[in-house]
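Student: whatever this is, show me its structure:
(2 chains)
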Amino acid sequence: MIAGVPELPRNDLLAEQFDLLADLMELEGGDGFRISAYRKAAARIRETPSSVAQLALDGKAKQLQGIGKTIEAKIVEVVDEGEIRALTKRKAEVPAEVATFMRLPGLGPKTARRIWQELGITTAADLKAAAEAQGLRGHAGIGAGTEEKIAAALARPKATEGPRRALLGTTLPKLRAVVEVLREHPASVEVSLAGSARRMRETVRDLDIIATATDAEALVDYFCSLRWVVDVAARGSTKATVVSHDGSRFDLRVVPPESYGNLLQHFTGSKHHNVALREDAVRRGFSVSEYSVTEVESGEEHSFAREEDVYRFLGYDWIPPELRENGGELAAARKGALPALVELGDLRGDLHTHTTWSDGKDPLEEMVASAQARGYAYYAICDHAQRLRGDLLGQQSEQIDALNELITSDKNSAPFRILKGIEVNIRPDGTLDVSEEDLATRDWVVASVHSRFDHNPTERVLGAMESPYVDCIGHVTNRKIGKRTPSPVDVERVIEKALETGTFLEINSQPDRLDLTDLHARAAREAGLKLVIDSDGHEVGALDFVELGVGQARRAWLTKDDVLNTRTWKQIEKLRKKRA
DNA sequence: GCCGTTTTCGGCCCGACTGTTTTCAGTCG
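Tutor: I've put the predicted structure just below:
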């Protein structure tokens, strides 16, 4: 933050205000379309990579889909006064905890409102007591069943918070294993992932699988009888939900083959994508459901076995699942202007990995062998500088030289080079923890913040990029999903400085990092910056994490050209900053 | 409150499930 310039409200906090305003208006029984307009605006704000407060001050927030004159003015109110005036007013009218009632299973705004206004209950504690004393049944449209659900939900800790989301990196392998097992069953025809896992979101909640089968019931039976299933939560003839030992819930839906395309499209989402697709379809005289597309005038229905044909019929190119977030993909698909997204197979090397020379779990030879087996042409060993003091850096260097020589002399081996990389710390005072002299001996230098995350993170990163030896900044925001909130780094300034200095930024593929985020990576792409997708792997198995990084990059609309390490090492050497 | 290949006014995604209101509103994804 620059002295004298007040800090603008962050997008997520702005979005929260609009969501809360929508909740409170809904509880008061306000106009549903206005409420939904606020929610749409909140989603748009949350998914905008640059500061929406700044855009509003510049009069440009109106250009965002779903934000008009009135909402732009309300954003300016937040900048000026800290809160939307209408929100301040409604907070005085609606008791604070009533809005959390809506998040209990089975309760929506209407019932929450009646609990508050007809029964005078205003806190979760009072609601719990009333439910346990059976004082709710018979009132406010609540019967014994709903009352029991309320009591059970409130007995659980954090009942009024949303359900937890699991990391994609831990969930995807399990989900794929289930898909594979189902594919092998004789009754199955098509089996696919759906939901947020298919879209490669960094975290997932619903584990959805869609299938077609010659005998739906047989496939559902088989699914329910898999040996890791500890509980069958629901089971019908075409659909079941099972729970595994770690508490993951898997949904299988077996659908008719003739509408497999429609259903896969529907269950892949996102919700915002589907709503926008359907609104657009309505304007063109179609009605889209999960089963078919209906021509409103004639009533003629069209169902499709292939997802591509659903999009094509509606006038779009097929949209890769990673883009389906209502972030401009529909307009681009209509114009035939979707980017050709980067693919896992485009990566030619990994530029951030570790070995037992620092905190890695597998030795250098094994990491290198694994990289060769993946078909890489180069591979940077970036052990932590602080673990390579004294003679150790020289010793590691000798080992790399020897191994490179061995690989080169092997006539059966494809061209491959181990790069002498290093990961240096950006200290709290902004200096690097390695001398320029040592840095000059390395092929590739990653600089990262590993301590005092909240201490001037932006200035520290900007300073590190000034070094002629720093090629790439590691995990820019230092977040750990679900564990550590991102440092308050001004990513827009970091991107600007990266372009100015010729420094690259990484998409770190560790499942709990995925840092840069998809939004930041998209902003970087739009600014014209190339990004590195690397594993930050500390063991052989972790080299596979780049698939998650590629997913993140695809969600950020990155093409092969936008990713530095789709190039040869020679090309990278030409593109990077010149050393002093 | 937003938006526009009919529209600056009059619309605003769609269907399934649930529980309870005996005919459907509310909730969910």
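Student: residues contacting residue A:464?
Tutor: Residue A:464 is in contact with A:426, A:430, A:432, A:447, A:470, A:473, counting by Cβ atoms under 8 Å, 6 or more residues apart in numbering. Every residue, glycine included, has its C-beta placed from N, CA and C.
Student: columns neighbour count on top of those residues, output as a markdown table?
Tutor: Formatted as a markdown table, those follow (neighbours: other Cβ atoms under 10 Å):
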| residue | neighbour count |
| --- | --- |
| A:426 | 25 |
| A:430 | 15 |
| A:432 | 20 |
| A:447 | 27 |
| A:470 | 23 |
| A:473 | 25 |
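Student: ok, and which of these reach DNA strand B?
Tutor: Among the contacts of residue A:464, not one lies near DNA strand B by Cβ under 7 Å from any atom of the strand.
Student: strands - which of those land there?
Tutor: Judged by DSSP state E, strands contain the following of the contacts of residue A:464: A:447, A:473.
Student: now, the most widely separated pair of the contacts of residue A:464?
Tutor: Greatest spatial distance in the contacts of residue A:464: A:430 and A:473, 13.0 Å, computed using Cβ to Cβ.
Student: show me how the record splits chain A into domains.
Tutor: Described in terms of automatic domain parsing, the domain architecture of chain A consists of the residue ranges A:11-155, A:166-254, A:260-334, A:344-575.
Student: how long is the last one end to end?
Tutor: This means domain A:344-575. One end of domain A:344-575 sits 22 Å from the other (Cα to Cα, to the nearest Å).
Student: check the offset of it from the chain's centre.
Tutor: For domain A:344-575, the separation from the chain centroid amounts to 20 Å (computed by Cα atoms, centre = their mean, to the nearest Å).
Student: please apply the same query to the third one.
Tutor: Using Cα atoms, centre = their mean, we find the averaged C-alpha position of domain A:260-334 to lie 22 Å away from the chain's own average C-alpha position.
Student: before we move on, what about the first one?
Tutor: When distances are taken as Cα atoms, centre = their mean, domain A:11-155 is centred 24 Å away from the chain's centroid.
Student: can you lay out the domains of chain A as a markdown table showing mean pLDDT?
Tutor: Putting those into a markdown table (pLDDT from 0 to 100) gives the following:
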| stretch | mean pLDDT |
| --- | --- |
| domain A:11-155 | 90 |
| domain A:166-254 | 89 |
| domain A:260-334 | 93 |
| domain A:344-575 | 95 |
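Student: and the helices in the stretch 51-200 of chain A?
Tutor: Ranges of helices in the stretch 51-200 of chain A, per DSSP state H, counting those that start in this stretch, are A:52-57, A:69-81, A:85-93, A:98-101, A:109-119, A:124-132, A:144-155, A:168-184, A:195-198.
Student: which one of the ones you listed is the most hemmed in?
Tutor: helix A:195-198 (a mean of 23; mean count of other Cβ atoms under 10 Å).
Student: that one vs DNA strand B: in contact?
Tutor: No. On the criterion Cβ under 7 Å from any atom of the strand, helix A:195-198 is out of touch with DNA strand B, staying 7.6 Å away.
Student: the helix or strand just after that helix close to DNA strand B?
Tutor: Using DSSP states H and E, the next helix or strand after helix A:195-198 towards the C-terminus is strand A:203-204. No. Shown here: strand A:203-204 not in contact with DNA strand B (Cβ under 7 Å from any atom of the strand), separated by at least 12.1 Å.
Student: list the contacts of strand A:203-204.
Tutor: Residues outside strand A:203-204 that contact it (Cβ under 8 Å, 6+ apart) are A:165-168, A:171, A:195-197, A:481-482.
Student: hmm, 7 Å instead?
Tutor: For strand A:203-204, the external contacting residues (Cβ atoms under 7 Å, 6 or more residues apart in numbering) are A:165-168, A:171, A:195-197, A:481.
Student: can you show me the helices along the stretch 251-400 of chain A?
Tutor: If DSSP H, counting those that start in this stretch is used as the criterion, the helices of the stretch 251-400 of chain A fall at A:260-268, A:271-283, A:307-313, A:329-334, A:364-373, A:392-409.
Student: format the ones you listed as CSV; extra columns: distance to residue A:188 and mean neighbour count.
Tutor: Putting these into CSV (distance: least, Cβ to Cβ, whole Å; neighbours: other Cβ atoms under 10 Å) gives the following:
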stretch, distance to residue A:188, mean neighbour count
helix A:260-268, 12, 24
helix A:271-283, 26, 16
helix A:307-313, 18, 18
helix A:329-334, 30, 19
helix A:364-373, 31, 18
helix A:392-409, 44, 14
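Student: what separates residue A:176 from residue A:75, distance-wise?
Tutor: With distances taken as Cβ to Cβ, to the nearest Å, residue A:176 is found 42 Å from residue A:75.
Student: er, residue A:292 actually
Tutor: With Cβ to Cβ as the criterion, residue A:292 and residue A:75 are 40 Å apart.
Student: same question for residue A:82.
Tutor: Remark: distance between residue A:82 and residue A:75 (Cβ to Cβ) = 12 Å.
Student: tell me which of the helices of the stretch 51-200 of chain A lies nearest to residue A:571.
Tutor: Nearest to residue A:571, of the helices of the stretch 51-200 of chain A and by Cβ to Cβ, is helix A:168-184 at 29.6 Å.
Student: show me where the stretch 401-550 of chain A has its helices.
Tutor: A:436-439, A:457-465, A:491-501, A:518-527, A:546-555.
Student: ok, which of the ones you listed comes nearest residue A:116?
Tutor: Nearest of those (Cβ to Cβ): helix A:518-527, 36.1 Å.
Student: which ones are touching the closest residue to residue A:253 other than its chain neighbours?
Tutor: Spatial nearest neighbour of residue A:253, chain neighbours left out: residue A:239 (4.8 Å); criterion: Cβ to Cβ, 6 or more residues apart in numbering. Going by Cβ under 7 Å, 6+ apart, residue A:239 touches A:252-254.
Student: in strands, which of these appear?
Tutor: With DSSP E as the criterion, strands contain A:252-254 from among those.
Student: out of those, the closest to DNA strand B would be?
Tutor: If you rank the ones in strands among the contacts of residue A:239 by distance to DNA strand B using Cβ to the nearest atom of the strand, residue A:253 comes first, at 10.2 Å.
Student: surely the closest one meets residue A:210?
Tutor: Yes. Taking Cβ atoms under 7 Å as the definition, residue A:253 is a contact partner of residue A:210 at 5.6 Å.
Student: and the two? Which one has more around it.
Tutor: Set residue A:253 next to residue A:210 and count neighbours by other Cβ atoms under 10 Å: residue A:210 wins out with 24 against 20.
Student: list the beta-bridge partners for that one.
Tutor: With DSSP bridges as the criterion, residue A:210 is bridged to residue A:192, residue A:253.
Student: contact partners for it?
Tutor: Going by Cβ under 7 Å, 6+ apart, the list of residues near residue A:210 reads A:192, A:194, A:253, A:255, A:263-264, A:267.
Student: go with 6 Å
Tutor: By Cβ atoms under 6 Å, 6 or more residues apart in numbering, residue A:210 lies in contact with A:192, A:194, A:253, A:263-264, A:267.
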